[in-house]
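Trainee: Make a model of this:
(one chain, ligands or ions: 1)
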Amino acid sequence: MEIKCRSCGSDIWYIKAKGLCYKCYPLIHKIETIKAWDKNQPESMVPISGVNAEMLSYIGNLKEFEDVKKRIIHQYEQRISSYKKLFSDDIIDGLDLEHMFRGFSVLLANGNKDRWHLFHGYANNFSHDFDNDQRKFIYNQLLTILINRRFKLNWNKIYQDR
Ligand SMILES: [Zn+2]
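Mentor: Down below sits the predicted model:
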């Protein structure tokens with residue numbers, strides 16, 4: 001019997017604990033730890049990999065601490081969503097593929113914003129030239145590259161509204 005992760009649905013990443021694969025388990029554990037952070041209860045302020053004690057003490061003193069918590073959690077949830085996407089049967093339309101290519105353009109543009117839009121308007125081509133299985137195949141290969149990148153919190157985004 002194949003065993004699937006109860007979070008992402010993977011049957012290729014072995015189950016680490018609690019029905020969760022080794023990719024989802026640490027992220028879900030982190031999310032639970034972050035949700036429990038309460039600056040009035042010092043014992044709840046447990047650092048995690050990605051947010052060391054010094055950073056935690058800094059963000060714990062911000063008046064927008066609760067918002068910062070939410071944004072950190074959101075980034076971990078997005079990472080889990082990318083795992084789910086890989087194992088889902090969702091339709092991949094032309095726009096999904098265009099967005100994926102845009103993501104790579106941004107990633108590889110070294111900050112040069114002129115290069116972000118290389119694939120702007122390609123959604124129609126992707127829709128007409130490929131069927132869903134072909135789009136899904138390309139999408140999942142690119143997604144696999146992203147998933148294999150080491151995940152880091154984007155602190156610029158976490159602090160963006162300050
Ligand atoms: Zn999983």
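Trainee: Show me which positions of the lengthiest helix in the chain end up buried.
Mentor: Looking across the chain with DSSP state H, the single longest helix is helix 65-87. In terms of neighbour count (16 or more other Cβ atoms under 10 Å), helix 65-87 has its buried residues at 68-69, 71-73, 75-76, 79-80, 83, 85-87. C-beta: built from backbone N, CA, C; applies to glycine.
Trainee: how about low-confidence regions in the chain?
Mentor: Counting by pLDDT under 70, the chain contains low-confidence ranges at 1-2, 161-162.
Trainee: So it: which segments form each domain?
Mentor: 24-88, 90-162 (automatic domain parsing).
Trainee: hmm, back to that, which elements pack onto the longest helix of the chain?
Mentor: In terms of contacts (3 or more Cβ pairs under 8 Å, 6 or more residues apart in numbering; DSSP states H and E), helix 65-87 is packed against helix 24-36, helix 53-60, helix 132-147, helix 155-158.
Trainee: Out of those helices, which is closest to the ion?
Mentor: When these are ranked by distance to the ion, counting by Cβ to the ion, first place goes to helix 24-36 at 3.2 Å.
Trainee: before we move on, back to that, out of the domains of the chain, which gets nearest to the ion?
Mentor: Among the domains of the chain, if distance is taken as Cβ to the ion, the winner is domain 24-88, at 3.2 Å.
Trainee: Quick one: end-to-end length of the closest one, please.
Mentor: Between the opening and closing residues of domain 24-88 we find a distance of 15 Å, counting by Cα to Cα, to the nearest Å.
Trainee: Within range of the ion, give me the residues from the protein.
Mentor: Cys5, Ser7, Cys8, Ser10, Cys21, Cys24 (Cβ under 5 Å from the ion).
Trainee: Would you mind giving both backbone torsions of Trp37?
Mentor: In this entry, Trp37 is assigned phi and psi values of phi -60, psi 130 (degrees, to the nearest 10).
Trainee: show me what contacts it?
Mentor: Listed by Cβ atoms under 8 Å, 6 or more residues apart in numbering, the contact partners of Trp37 are Ser44, Met45, Val46, Leu56, Gly60, Lys69.
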